[in-house]
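> Mind folding the following:
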Amino acid sequence: MVDTRKVQIRQGRAISCKLILLCDVISNDVQSDAPGVKELKELEPLDYMNAVIMRYYIPPADYKTLRAIGGTLSDYGSTTWDEPDRREALFTEATLHLKRAVECMRKDVLEDIATIRLLASAYRRCDKMLDAIKYYDDSYNMVPNHDADGSAKEDLEQTNPIRVEILLEKASAYSAIGQVDEALHAYNEARRLQGEKPLAGTILDDITRLFLNDDDIDRRRLMEILKSWTEKERNSFFTYNFEDYVFERTVKRMQKAAFLCNETGLLIGWLTSLANTLPPQSLHLFNMQGAIAELYYPMLGDIENGKTLRQELLALPTKPSLAYEDSMNEARTRHRMDLADILFYEFQMTADPTKKEALMDTLRDLPSAHEHDDDNKNFRGSHVDMLRANMLRLMGPAKEYESYMKELFKKCVAGLEDSISWNDSSSLRLLAKVLASLDSLESDSRIAISAQFSILDLAIYGQDLEPEQSEMPSNESDTEAGAEQESVNEKSEPLNESNVLQNDSLMDKAHGVESKDLPEEPIEEKQGPTELGEQDVTETHSDNETETDELDEDVFPEGLACNGSYETSISSWTQPIYYCLICPNCDLCEDCHSKRVQQTKRVQSTEEKTEEPWLSFCGANYCYIKGPMKGWKGVKDSIVQYGETEITVTE
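Have a look, this model is predicted:
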C-alpha cells in the first residue's frame with residue numbers, strides 16, 4: 001500500500017534536497033585553490049544547480065529535475081525579503097521551471113498532485129493569489145474521490161490528508177486577499193474531511209483571525225465560529241493559545257467578543273471545562289485560570305470571583321519548564337498586582353475601619369510573585385507596596401507610613417544605582433509615584449516618568465541579560481522580575497518627614513475629593529479641587545521644545561501598551577501617555593484618557609455622555625501624570641535634557 005506522505009516527501013523536495021547536497025559536495029570535495037572553485041561558489045542558485053546537473057549527469061529535462069529546481073528557487077525567493085528585484089527574479093524562474101514540470105508530468109497521480117501544489121505554492125509566495133488558487137483547485141480535483149465512490153477506509157486515510165492540506169493552503173491564499181467567506185468555506189471543508197480528529201490549534205487560530213475587525217459584525221462571527229466547533233476543536237484552539245505561551249491579542253479579542261455579545265458566561269464555561277482536566281502543576285492551567293479570572297474581573301465586574309480566582313492562582317504549585325519560567329513569573333507579578341488592585345478598591349468602597357484594617361493585612365500578606373525571589377528585588381511588584389502606603393496614609397499610624405515611603409524611595413534609588421540596566425524603567429515608574437505623593441516634587445515626578453524609555457548608563461547597557469518575557473499587552477515592556485539589587489548608597493538624601501506628611505492631595509483625590517491630573521508645570525501653591533475633567537492636561541509648546549520624533553536620545557527598543565484599548569503601543573514617546581498614580585500598573589493613550597475623564601464625570605449631559613469601556617480600568621477619582629513632560633529632550637550619554645536644562649543622571 002502506498003504511503004502518501006512518503007510519496008510526497010515535502011511535495012517533491014527530495015530531489016531539491018539532493019541537488020543542494022550535491023552543491024555541498026562540489027564546494028567541500030574540491031580543493032579551495034582548484035581552478036573555478038571561487039567562481040562556482042559565487043554563482044546564482046539556478047546557475048549553481050545547472051553546474052551540479054552537468055557534473056553528475058542528472059537529466060535536465062526530467063520533470064522531477066525541473067520540479068526540484070523550481071521548488072528550490074521558490075525556497076530561495078522566500079528568504080530574500082530585503083532584495084525585491086532578486087526575489088522577483090527567483091520566483092519568476094521558479095514558476096517557469098514548475099510550469100515546465102507540469103507539462104512533463106507522467107500521469108502518476110500523486111506525483112502530479114505534488115508538482116502542481118509546488119507551482120501553486122510558488123505563486124502564493126510571490127503574492128499571486130488568484131493563480132495560486134487556480135492551481136490548488138487543479139491539484140484538488142486530481143485527488144481520487146474515494147469518499148464519493150464508497151472506497152475502503154484505508155483508501156480514504158490515504159487521500160483525505162492530501163485534500164485537507166490543499167484546502168488549508170487554498171484557504172490561506174483566500175485569506176491573504178481578504179476573501180473571508182471563501183477562506184472560511186475551505187477551512188470548514190477541511191474540518192469536515194478531518195472527521196473526529198480536530199485540526200491543529202494553529203490552523204483553528206488562523207480561522208479566528210479571519211475576523212480581526214473591531215466591530216459588531218466580526219465579533220459576532222467570531223463567537224458563531226467558536227460555538228460551531230466541537231468541544232475537541234475548541235480545546236485544540238485553547239491549548240494552542242494557552243499551553244505554554246499566552247497569545248494575548250488573540251485571547252483579548254476572544255474575551256472582548258464574548259463580553260460584547262453577552263456570552264461571557266459561555267466562554268467561562270468552555271475554559272473552565274478544559275481547566276478542570278489539567279494537572280495543578282501545569283503552566284497550561286495557570287494560564288487558563290488567569291484568563292478566567294480576567295473575565296470575572298474586570299470584565300464582568302465580579303469582584304468576589306475575580307479575587308478568589310487570583311488567590312487560587314497565586315497558590316497553584318505551577319512547575320513550568322525552564323524556557324517558560326520567566327514568562328510565568330511575569331504573569332504571576334501581573335496577577336498579584338491585579339489582586340492588590342481589587343483589595344485597594346474594596347478598601348476604598350468600605351467605610352468600616354475594621355474591614356479596612358483587615359484588607360490592609362491581606363494586602364501586606366500577599367504571597368510573593370516569584371517563588372525564589374525577595375520582593376525587595378522585584379521593582380514591578382513594589383507597586384503593590386505603594387498601594388499599601390496609600391492605605392497607611394489614610395489609616396495610619398503616621399510613623400509606619402513614613403517608614404514605608406522611605407523604604408520605597410530607597411528601593412527606587414537602589415534600582416537606579418545597581419549595575420544592571422533593564423530594571424531602570426520599573427524603578428523610574430515607581431519613583432514617579434513616590435515623588436508625586438510628596439509635597440512640591442511633581443516636577444521631579446515628571447522627569448522620572450519621562451525618562452522611563454531612556455538608557456541611563458550606556459556603560460552597563462547590554463552587559464546584563466534581560467530575562468525572557470512573554471508576549472503580553474504589558475504596561476511595562478521590560479521584565480523586572482528577579483532583578484539583583486545592590487545595596488542602597490548610604491549617602492542618598494533621606495526623605496524629610498515634613499515632605500512625607502505634608503502633601504495630602506493625592507490620596508484625598510482618590511478617596512472622594514474630585515480629582516485632576518498633575519498640571520503641566522510645577523505648581524508653587526496647591527490649587528483647590530476642581531470638577532473632574534475641568535483641568536485636563538493640555539499640550540503647550542514653547543520655543544525650546546523639541547518634537548519627540550526629532551529627539552537625539554538613547555532609548556530602549558521596547559515600549560508599552562495602552563490598558564484602555566490594548567491596541568495602542570507606545571515607545572520612545574511616539575505619543576504621550578497618562579500614567580495612573582493609583583493603579584498598580586496602568587497607562588492610557590491620549591484617546592482612552594480623554595474618554596475615561598468623560599466617563600467619570602459626576603454629571604454628563606445627554607450630548608456628551610460616553611459609554612463605559614468594555615474593559616474596566618481606573619477608578620472614578622484616580623489621577624494621572626502625563627508623559628513626556630513639556631520640553632522633554634531625552635537622555636543622551638547619561639545627560640538628562642529638558643527645556644534649557646541639562647543635568648547628569650547621577651544628579
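> taking the mean pLDDT, what do you get for stretch 111-126?
Stretch 111-126 shows a mean pLDDT of 95.
> Next: stretch 564-581.
In this model, stretch 564-581 carries a mean pLDDT of 81.
> do stretch 635-644 as well
Throughout stretch 635-644, pLDDT has a mean value of 85.
> Now do the end-to-end distance for it.
Start-to-end span of stretch 635-644 (CA to CA, to the nearest Å) is 13 Å.
> from what I can see S572 touches L560, true?
No. In this structure S572 lies outside contact range of L560 using CB atoms under 8 Å: 10.9 Å. C-beta: built from backbone N, CA, C; applies to glycine.
> Please say which of these two ends up with more neighbours.
Neighbours were counted for S572 and for L560 using other CB atoms under 10 Å; L560 has more, 23 against 17.
> roughly how far apart are that one and I447?
Between L560 and I447 the distance is 18 Å, computed by CB to CB, to the nearest Å.
> How about N262?
Taking CB to CB as the measure, N262 falls 46 Å from I447.
> can you check C261 too?
C261 is 45 Å from I447, by CB to CB.
> Tell me where the chain has strands.
Counting by DSSP state E, the chain has strands at residues 560-561, 569-570, 577-580, 587-589, 624-627, 632-636, 639-642, 645-648.
> How about residues contacting the second one?
I take that to be strand 569-570. Contacts of strand 569-570 with the rest of the structure, by CB atoms under 8 Å, 6 or more residues apart in numbering, involve 559-562, 577, 587, 589.
> can you redo those as a markdown table with distance to G71?
A markdown table is the format used below for the contacts of strand 569-570 (distance: CB to CB, whole Å):
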| residue | distance to G71 |
| --- | --- |
| G559 | 40 |
| L560 | 43 |
| A561 | 41 |
| C562 | 45 |
| I577 | 49 |
| D587 | 48 |
| C589 | 46 |
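> Quickly check the residues you listed for the two that are furthest apart.
G559 and C589 (11.7 Å; CB to CB).
> related to what we said a few turns ago, which of C261 and I447 has more neighbours?
Taking neighbours as other CB under 10 Å, C261 and I447 compare with I447 leading, 21 against 16.
> Run a quick check on the more buried one versus V640, I expect a contact.
Yes. If you go by CB under 8 Å, I447 and V640 touch, sitting 6.8 Å apart.
> Rank the contacts of strand 569-570 by pLDDT and give me only the lowest.
pLDDT is lowest at G559 among the contacts of strand 569-570; the value there is 77.
> now that one, nearest residue through space, not along the chain?
In space, G559 comes closest to S571 once its chain neighbours are excluded; the distance is 2.7 Å by CB to CB, 6 or more residues apart in numbering.
> cool, L210 as well?
Counting by CB to CB, 6+ apart, V180 is the residue found nearest to L210 once chain neighbours are left out, at 5.0 Å.
> Equivalent analysis for H97, please.
Taking CB to CB, 6+ apart, and ignoring the residues beside it in sequence, H97 has G70 as its nearest neighbour in space, at 3.6 Å.
> Please report the distance of the one you found from D131.
Note on G70: its distance to D131, by CB to CB, is 14 Å.
> okay, those two: which has more neighbours?
Per other CB under 10 Å, whichever of G70 and D131 has more neighbours is G70, with 28 against 17.
> just checking, that one touches I116?
No. Using CB under 8 Å, G70 makes no contact with I116, being 11.5 Å away.
> which residues does the residue nearest to L96 when sequence neighbours are not counted contact?
Spatial nearest neighbour of L96, chain neighbours left out: G70 (7.6 Å); criterion: CB to CB, 6+ apart. The contact partners of G70, by CB under 8 Å, 6+ apart, come to 93-98, 101, 118-119, 122.
> Then G619?
Listed by CB under 8 Å, 6+ apart, the contact partners of G619 are 345, 348, 510, 582-583.
> again with V109
Contacts for V109 (CB under 8 Å, 6+ apart) come out as 142-144.
> lowest average confidence, helix or strand, in the chain?
Within the chain, no helix or strand scores below helix 497-502, which has a mean of 39 by mean pLDDT, DSSP states H and E.
> how about low-confidence regions in the stretch 51-200 of the chain?
With pLDDT under 70 as the threshold, the stretch 51-200 of the chain has low-confidence stretches at 146-153, 155-156.
> Among the strands of the chain, which comes closest to G201?
Comparing the strands of the chain by their distance to G201 (CB to CB), the top pick is strand 560-561, with 24.4 Å.
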